[in-house]
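Enquirer: whatever this is, show me its structure:
(chains A, B, C and D)
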There are 4 protein chains.
Amino acid sequence: MLTIGVDVGGTKVAAGLVDEAGTILARTRQRTPSASPVDVEDVIASCVADLRERTPAGAEVEAVGVGAAGFISADRSTVLVAPNLSWRNEPLRQAVSSRVGLPVVVENDANAAAWGEHRFGAGREEKHLVVVTVGTGIGGGIVLDGVLYRGRYGVGAEFGHMRVSESGRRCGCGQHGCWEQYCSGRALLREAREIADVQRAYGKRLLELGGGRPEGIEAPEVTEAAREGDPAALDCFEEVGGWLGQGLAALAAILDPGTFVIGGGVADAGELLLGPARRVFAERLTGTAARPHAQIRLAALGNDAGLVGAADLARHR
Amino acid sequence: MLTIGVDVGGTKVAAGLVDEAGTILARTRQRTPSASPVDVEDVIASCVADLRERTPAGAEVEAVGVGAAGFISADRSTVLVAPNLSWRNEPLRQAVSSRVGLPVVVENDANAAAWGEHRFGAGREEKHLVVVTVGTGIGGGIVLDGVLYRGRYGVGAEFGHMRVSESGRRCGCGQHGCWEQYCSGRALLREAREIADVQRAYGKRLLELGGGRPEGIEAPEVTEAAREGDPAALDCFEEVGGWLGQGLAALAAILDPGTFVIGGGVADAGELLLGPARRVFAERLTGTAARPHAQIRLAALGNDAGLVGAADLARHR
Amino acid sequence: MLTIGVDVGGTKVAAGLVDEAGTILARTRQRTPSASPVDVEDVIASCVADLRERTPAGAEVEAVGVGAAGFISADRSTVLVAPNLSWRNEPLRQAVSSRVGLPVVVENDANAAAWGEHRFGAGREEKHLVVVTVGTGIGGGIVLDGVLYRGRYGVGAEFGHMRVSESGRRCGCGQHGCWEQYCSGRALLREAREIADVQRAYGKRLLELGGGRPEGIEAPEVTEAAREGDPAALDCFEEVGGWLGQGLAALAAILDPGTFVIGGGVADAGELLLGPARRVFAERLTGTAARPHAQIRLAALGNDAGLVGAADLARHR
Amino acid sequence: MLTIGVDVGGTKVAAGLVDEAGTILARTRQRTPSASPVDVEDVIASCVADLRERTPAGAEVEAVGVGAAGFISADRSTVLVAPNLSWRNEPLRQAVSSRVGLPVVVENDANAAAWGEHRFGAGREEKHLVVVTVGTGIGGGIVLDGVLYRGRYGVGAEFGHMRVSESGRRCGCGQHGCWEQYCSGRALLREAREIADVQRAYGKRLLELGGGRPEGIEAPEVTEAAREGDPAALDCFEEVGGWLGQGLAALAAILDPGTFVIGGGVADAGELLLGPARRVFAERLTGTAARPHAQIRLAALGNDAGLVGAADLARHR
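Expert: Residues are numbered from 1 along each chain as shown, chains lettered A, B, ... in the order given. From the prediction side, this is the model:
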């Protein structure tokens, strides 16, 4: 039996036909039409229809898993809030299910991705897994004793909004000092642009790659400069990677997982990010000398994690 | 069937004979003899023997649960580290079991207390519960979906060592900026003594209750002054309660529990502590306007929570 | 007798023929040619020649005062370092004097501007005056007992580089946490762009005025929005003005002036900046209840302060 | 001609008969009687009478200089506020003068001490001198161009109340984050006691010297342990000395003195304090590579600085 996983992003809807081993047999994608729920639901249904037509002879689609950014209700039926889409209390499961005539499960996208890594990716052998996705902000998911942990109201694992600094930077969530303001793609760029703007000599290479303007610097430029050995760019990864390690130490104090899997766009920099993270994690972990340490690994599934995870959650719904 | 719960503290060993409803039928206590494991194990065995003699006719003791401060192994057999007792890798389950001839479960004392509150106390109706014990430091326990969560290596729920401040205060764990340096009995006293020492006029009443010396001020004095309405003492609870609320907001972002239960000596001050905590929690919770809020309640079992919880964990071992 | 004041900026050289009352009788300006000292000296000489030709019949030019950004030697002859021009140890007084055949005085531009405000502007009646210029960064000057105070090596009054934050923002001077990273045009823009970028709803008006891009927001946009009553823009001035007040409180603890005069581009916002500054100054001043408070006033001479001050310093050389 | 210097402290009044070379020819001291101005004035008069009787034949006492902690009016006649004595607007000059029949000058005690070091101590050769006294708190004085600088209202040079930390420690002045909360005898003890209390193993030697109780540790114990090479005690001086260097860097940015002289009880530790201070000063000074650095020296006159300085100010009144 096959299932379909759908990943609803702010700009595109990606879907895949997935087998029990997590292999994607067919893919489709469409642009996210607008913020209107009806339009998005139509696009999801159209993706599902497309993939069902491409289902191999003799196989059948059993269920659909939909991953979306936002707070999802604990019963996995309703999008409570979706910041990108400006949705509130949208009964997405019912809306999609009635369109496609299949059982549907809705899940937070970071939870779905965490589940994907747990089932088929870098956290495959680990029953106590925390996945941290470092992109524009920080998302994540928690697997405890082999079960996806979602919280009493379905809104747990919002790691990006642990407060890590007293007198902290403004966050989009309305608070100050949230972890994702110190450890994220946005934080990396802030650091790099700040250096290029304020310390011209030190930030020369970054500025050059940015076409002479601090705002011209994007994440790939920082990674490129760091790979060349540019001290300012390495400094940016030290900073952001260090904050990653510090936040993981706090999560380990609370959750004591066996493994952390780190995904998201910033993790494309690999050891540039994970090196400082591992070092600071080991320094800052409470009781560091007296306890086993969680491993810190790169995610394996890239952008497919959410889609594959959603499909698998639909299978084991 | 009855079980025995034992709470091994730094100064005394308290034990009780407990029934299925969490009622303590008989109690005993002895001084913690020394740091020597053998001596402590003898005292535990002696407490168990004492309680077995007092077991009502027709009833029988089925198992023993032992709660102790420190890191306990994931299989609940071994004390990995016990800071108060200076133990390392002590096979406490085996040692006690061979002495008393009954099945034994060893648990971290804060975990045991959390379980006690979950089963018979202020968290009785709540499947997703976080218990935070604010004493000299901060301890705690996590109940997820009705199960005590212990972590991959048994050392989770060390809430007191989340880092909450960048340029932070020195912590006994060797780190800086740990939550328990801002929210604990120690933090309350530091604040009160600091005021009494540095701002004499403002801290007049505190100083008076402390017998004229800042170091003479202890927690009961701060609570007394706050109950009288002394602004400096209220300020201390605002400070410590505010940090409590802020830390709970971080825990809610990660764990999304339905209820927080707050215990420990500082919680004896009741609403003096919980008032500011609730206010800051509601302000600082990420997505505060768009999500259900966890309740924040006072613990119900007081010092018995650990003993009752350990006994119940032994029953359901 | 008349004197000529010259203000050497990073992009233009402005000069004026000034009488004893501080009135500018004639003006000239040229582009700053390049960083080469010889070229700049030629341009200064050409400005001086131009103004001498325009000197009213019967009057004569007695001396030339040159104001330039950077560290100037205590004997007012040499530019030790000029960050904009990349000069090091340039004997500017001798070079200009030999070209124009008149006595020359070289002064730090912010010192010259402070002197201008003391002699003819908002600090006219005040013998103990501190001028703080809030532009891209912070400059300033100190008048004590009616005398311009320059320091042992001529490099005092670098107010912008008092450290005000422990875990502070990167500064162009190579340090972290300098005052001008919190209180300056750059800080105002950082705040405004950050809001527009991170808190879209709150920063809507700012973003609109910036043409839809955070980087499109410049200081006039923030002032415009604040004048309309936009809460986010007012927030930016509260922040920057608050840091101004806090820094003035530190300066008052050290220097105890009778008046602060606030100039520079950011001060064009007038009470939007000075309102929060006065409030925080009064709150944060040590011994605030027990001492007379310095007045805080807007500068009166605008961009002419440096030129007029340099001319007057040349007169009283 | 001779003058008399009087140093009015919280616990004792010390006075000396001083010649033009700053030599103390005779001394006397009495207990500070109480906070009552009349009583204190009587004691001052009695000290003066005592010293006049001991004046060598042929010499005469010309004037009296009185140094006292607190805000002194700009005309050096009135104690505006004296925190130790709880005085407000006390016309001390008139009161003493009418008792002793000699001209009297009243000066802030730290200003008097700074003047003493400038005239006869470690700042003798320096026309641009800043004296920083690190005792229980921080006091200081400024000599500019060979003149004692007192400020518009006589209340300058309150260095201890520069704010150096955003989220700062409570200060007796009613503010938070004042320098003297990080760099003072009080700060040294706070650090040492904190280590002894929180990190028992690390703080073992300190605790031992404190008689087993953190509150038993006083400054001499910290110095003793540091001299023995105890890492925790050295850590305390690194911390406090580092904050000293950082504050001096801020003062240098503003005042650009040629020399800093460091006095006060904590400076008795000599290079234990000055070593870290010099290192951090050189690191944190703005434009550090491009400017001459002020020297940092130990004070030479010890507790006599105030008395000798007051006497000299009376001579040159």
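Enquirer: confirm A:Ala84 sits in a helix?
Expert: Quick fix: residue A:84 reads Asn, not Ala. No - A:Asn84: not assigned to a helix; according to DSSP: H, G, I helix; E, B strand; the rest coil it is coil.
Enquirer: burial of it, as a residue count?
Expert: Neighbour count of A:Asn84, defined by other C-beta atoms under 10 Å in any protein chain shown: 14. Heads up, the C-betas are built off the backbone N, CA and C, glycines and all.
Enquirer: gap between it and chain B?
Expert: Distance of A:Asn84 to chain B, given as C-beta to the nearest C-beta, to the nearest Å: 14 Å.
Enquirer: might one say that that residue is in contact with A:Val40?
Expert: No - using C-beta atoms under 8 Å, A:Asn84 is not in contact with A:Val40; the gap is 10.6 Å.
Enquirer: where does A:Asn108 land on pLDDT?
Expert: Among the per-residue scores, A:Asn108 shows a pLDDT of 95.
Enquirer: now it: how far from chain B?
Expert: Distance from A:Asn108 to chain B, by C-beta to the nearest C-beta: 11 Å.
Enquirer: from what I can see that residue touches A:Ser73, true?
Expert: No - using C-beta under 8 Å, A:Asn108 makes no contact with A:Ser73, being 10.3 Å away.
Enquirer: more neighbours: which of those two?
Expert: A:Asn108 (29 against 19).
Enquirer: show me what the spatially closest residue to that one that is not a sequence neighbour is bridged to.
Expert: Excluding the flanking residues, the one nearest A:Asn108 by C-beta to C-beta, 6 or more residues apart in numbering or on different chains is A:Ile72, at 4.9 Å. Beta-bridge partners recorded for A:Ile72 (DSSP bridges): A:Val79.
Enquirer: would you agree A:Ile72 is in contact with A:Glu107?
Expert: Yes - A:Ile72 sits in contact with A:Glu107 when judged by C-beta under 8 Å, with a separation of 6.2 Å.
Enquirer: returning to what we had before: need the overlap of contacts for A:Asn108 and A:Ser73.
Expert: A:Gly154 (C-beta atoms under 8 Å, 6 or more residues apart in numbering or on different chains).
Enquirer: how far away is A:Trp115 from chain C?
Expert: 29 Å.
Enquirer: other SSEs contacting the helix or strand that contains A:Arg29?
Expert: According to DSSP states H and E, A:Arg29 maps onto strand A:24-31. Applying 3 or more C-beta pairs under 8 Å, 6 or more residues apart in numbering or on different chains; DSSP states H and E, we find strand A:24-31 packed against strand A:12-18, helix A:37-53.
Enquirer: just checking: what are the partner strands of the shortest one?
Expert: Partner strands for strand A:12-18, per DSSP bridges, with pairing direction: strand A:2-8 (antiparallel), strand A:24-31 (antiparallel).
Enquirer: OK, contacts around the residue nearest to A:Asn108?
Expert: Residues in contact with A:Ile72 (C-beta under 8 Å, 6+ apart) are A:78-80, A:106-108, A:111, A:154-155.
Enquirer: how's chain A carved up into domains?
Expert: Domain ranges of chain A: A:2-118+A:304-315, A:125-299, per automatic domain parsing.
Enquirer: need those in JSON lines (columns: distance to C:Leu102).
Expert: As requested, the domains of chain A are exported to JSON lines (distance: least, C-beta to C-beta, whole Å):
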{"stretch": "domain A:2-118+A:304-315", "distance to C:Leu102": "67"}
{"stretch": "domain A:125-299", "distance to C:Leu102": "36"}
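Enquirer: closest one to B:Glu62 among those domains?
Expert: Of all these, it is domain A:125-299 that lies closest to B:Glu62, at 25.6 Å by C-beta to C-beta.
Enquirer: what average pLDDT does the closest one get?
Expert: 95.
Enquirer: measure how far it is from the centre of its chain, please.
Expert: 12 Å (C-alpha atoms, centre = their mean, to the nearest Å).
Enquirer: do the same with stretch A:80-87
Expert: For stretch A:80-87, the separation from the chain centroid amounts to 17 Å (computed by C-alpha atoms, centre = their mean).
Enquirer: now stretch A:112-123
Expert: Worked out by C-alpha atoms, centre = their mean, stretch A:112-123 lies 11 Å from the chain centre.
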